[in-house]
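Chemist: only geometry, no sequence info:
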């Protein structure tokens, strides 16, 4: 579960004094399940907004809007929910810590930066160069010091929180199940592997069976299918950095990414809740209840 980072970096609070995330915790954790919402943050730093060439609505379309609401019943079932406050377009914690596009920066990047990943090539590294429709985010190039500040202030504390939750969960229960909570556009965009294609209602990503026990994915699919959803596995999303980095079934830590189609619960154009959000939240609560009851240590 170790996350690579230069030894010189230390964590800190955000410049506003507010923590970059919070944890909705039960009075007592009664399950090895841990829920993480990394992309539902919607607190925009005015200084960041001023540097962008995009309007606020376009920036917000990168969010997994309201996903933290869909999973907010987790503490009622004895499970913690970690949720980011910062937006994905500002910093993406579901990437490696140092996936950066050199074309975005006016100065040279350090040698430890990963500048050649497929995500960087697509403009969607730890700090995104573009949004999902391919539009450029920034008016001008950044300096590496700004990337370093964001990673130190937001990314590393967020992943330290994941690591702490998993470590304490394993210590208490002997195992852990990380549920990486996301949403997805209803139709694949021009930057996606399925451009123009209507998607399933829910996509379960287990890195093709390597990040969690098959029984976990099977159970999630059964609950969601019974609720009437069309469920797919690993297509078009098999799980990002969080699922890949923390999912170690042989070490007792399982990780499953869940993507929910946005049109089921929100107006994707206006970033507004729809009446269907209540139904989806109720169905997600049933899923949480089932996952919280699994004997992960026996898998």
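Modeler: The structure has been received and is ready for your questions. The structure displayed is predicted, hence computed values, not measured ones. Numbers count the residues shown, from 1 in each chain.
Chemist: what does residue 274 show for phi and psi?
Modeler: phi -110, psi 160 (degrees, to the nearest 10).
Chemist: my read is that it contacts residue 265, right?
Modeler: Yes - taking contacts as Cβ atoms under 8 Å, residue 274 lies within contact range of residue 265: 5.8 Å. Where C-beta positions appear, they are placed from N, C-alpha and C, glycine not excepted.
Chemist: have a look at the two and say which one is more surrounded.
Modeler: residue 265 (23 against 17; other Cβ atoms under 10 Å).
Chemist: which pLDDT value goes with the more buried one?
Modeler: Note for residue 265: predicted pLDDT of 98.
Chemist: all helices of the stretch 151-299 of the chain, in order?
Modeler: 156-173, 214-226, 241-246, 276-292 (DSSP state H, counting those that start in this stretch).
Chemist: got the buried residues for the shortest one?
Modeler: Residues of helix 241-246 classed as buried by neighbour count (16 or more other Cβ atoms under 10 Å): 241-246.
Chemist: elements contacting that helix?
Modeler: Under the contact definition 3 or more Cβ pairs under 8 Å, 6 or more residues apart in numbering; DSSP states H and E, helix 241-246 sits against helix 156-173, strand 176-184, strand 253-261.
Chemist: could you rerun that using 7 Å?
Modeler: In terms of contacts (3 or more Cβ pairs under 7 Å, 6 or more residues apart in numbering; DSSP states H and E), helix 241-246 is packed against strand 176-184, strand 253-261.
Chemist: out of the ones you listed, nearest to residue 151?
Modeler: strand 176-184 (19.6 Å; Cβ to Cβ).
Chemist: how about the residue nearest the centre of the chain, nearest residue that isn't a chain neighbour?
Modeler: The chain has residue 38 as the residue nearest its centroid, 3.5 Å off, counting by Cα atoms, centre = their mean. Spatial nearest neighbour of residue 38, excluding adjacent residues (Cβ to Cβ, 6 or more residues apart in numbering): residue 93 at 4.7 Å.
Chemist: what of residue 187?
Modeler: Of all residues not flanking residue 187 in the chain, residue 198 sits nearest, at 5.7 Å (Cβ to Cβ, 6+ apart).
Chemist: go on, residue 36?
Modeler: Closest to residue 36 by Cβ to Cβ, 6+ apart is residue 82, at 4.8 Å.
Chemist: and the one you found, how far from residue 143?
Modeler: Using Cβ to Cβ, to the nearest Å, residue 82 is found at 30 Å from residue 143.
Chemist: comparing the two, which residue is more hemmed in?
Modeler: Per other Cβ under 10 Å, whichever of residue 82 and residue 143 has more neighbours is residue 82, with 23 against 12.
Chemist: can the helices of the stretch 151-299 of the chain go into CSV with extra columns for distance to residue 136 and mean pLDDT?
Modeler: Compiled in CSV, these are given as follows (distance: least, Cβ to Cβ, whole Å; pLDDT from 0 to 100):
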stretch, distance to residue 136, mean pLDDT
helix 156-173, 25, 98
helix 214-226, 37, 98
helix 241-246, 23, 98
helix 276-292, 32, 98
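Chemist: so which of the ones you listed is nearest residue 66?
Modeler: helix 276-292 (6.6 Å).
Chemist: starting at the chain centroid, how far to the closest one?
Modeler: Remark: helix 276-292 is offset 18 Å from the chain centroid, using Cα atoms, centre = their mean, to the nearest Å.
Chemist: and for the nearest residue to residue 31 once chain neighbours are set aside, the neighbour number?
Modeler: Spatial nearest neighbour of residue 31, chain neighbours left out: residue 292 (3.9 Å); criterion: Cβ to Cβ, 6+ apart. Neighbour count for residue 292, taken as other Cβ under 10 Å: 22.
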